[in-house]
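Enquirer: Fold the following for me, if possible:
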Amino acid sequence: MKWVMSNPELFEMRRLEMLSNTIFGVAMTLLAYDLPKTGAFASLPDWTDLYRLYAGKLASLVLSFVIAGLFWISHHRRLAQQPEAGRGIVILNLFFLLSIILLPVTNGLYGNYRISSAVAVLYGINLTLIASLNALLWWLARRDNWPDIAGAIFPVLVFAPGTAIAAVYPQYVQYFWGLAFGALLVRRFVAPRGEGEAT
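Expert: Residues are numbered from 1 along each chain as shown. Sure thing, here's the model as predicted:
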């Protein structure tokens with residue numbers, strides 16, 4: 001039996017889900033694009049050389065990859081609970097996906113120039129934009145469900161002040177941004193007993 005949309009003016013979100021899978025997959029792959037550096041060493045590198053060249057880049061790559069992964073899970077949970085949407089919601093979702101596309105760019109800069117306050121702030125703005133759009137989309141989709149909203153708002157409450165911290169202490173802010181992973185726990189603590197785990 002063929003599935004029929006209840007309102008022809010609404011957009012089927014399964015189509016957006018297919019697009020978002022591609023965008024997240026490409027963006028998360030591109031995070032590692034500039035890691036291998038041929039000719040970066042004058043001679044065979046030792047562990048000190050490898051650490052000096054790659055430690056900061058790998059740290060920012062892992063941070064960005066995990067953040068992107070968490071937002072991918074959140075995005076798909078939201079789409080599953082909102083099978084149809086109007087044009088405005090679809091456009092807002094496209095802006096959210098655009099903020100994900102920008103992540104490899106800001107991550108690449110941050111991996112190479114982590115102690116630059118301007119670069120750290122730019123990276124923080126990108127993270128805050130992603131989190132803010134995600135929270136807004138959750139509010140529009142599930143405003144009646146406080147645990148979902150709380151879990152979506154928590155990363156904004158970490159990334160926004162983290163961006164301000166990045167302007168003063170860019171070398172340490174990545175540890176503060178790591179607190180955003182607490183969103184996984186926030187929803188569990190505010191959810192009524194018996195409700196399933198979610199991101």
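Enquirer: got the residue ranges for the strands in the protein?
Expert: Chain-ordered strands for the chain, with DSSP state E as the definition, fall at 11-12, 84-85.
Enquirer: Just name whatever secondary elements the longest helix seen in the chain is in contact with.
Expert: Using DSSP state H to assign secondary structure, the helix with the most residues in the chain is helix 47-80. With contacts defined as 3 or more C-beta pairs under 8 Å, 6 or more residues apart in numbering; DSSP states H and E, the packing partners of helix 47-80 are helix 13-30, helix 87-101, helix 103-112, helix 117-142, helix 146-168, helix 173-177. C-beta coordinates here come from the backbone N, C-alpha and C atoms, glycine included.
Enquirer: Comparing the strands of the chain, which comes out most buried?
Expert: For these, the stretch with the most neighbours on average is strand 84-85, a mean of 17; neighbours defined as mean count of other C-beta atoms under 10 Å.
Enquirer: Each with direction, which strands does that strand pair with?
Expert: Strand 84-85 has the following sheet partners, assigned by DSSP bridges: strand 11-12 (antiparallel).
Enquirer: Show the average pLDDT along the strand it pairs with.
Expert: Mean pLDDT, taken over the full extent of strand 11-12, equals 80.
Enquirer: just stretch 167-186 next, same as before
Expert: Stretch 167-186 comes out at a mean pLDDT of 83.
Enquirer: buried ones in stretch 144-160?
Expert: Of the residues in stretch 144-160, those buried under the neighbour-count criterion (16 or more other C-beta atoms under 10 Å) are 145, 147-159.
Enquirer: V121 and S99: what is the separation?
Expert: With distances taken as C-beta to C-beta, to the nearest Å, V121 is found 16 Å from S99.
Enquirer: I meant to write H75 there.
Expert: With C-beta to C-beta as the criterion, H75 and S99 are 11 Å apart.
Enquirer: So between the two, which is more surrounded?
Expert: A count of neighbours by other C-beta atoms under 10 Å puts H75 above the other of H75 and S99, at 24 against 21.
Enquirer: Noted, bye for now.
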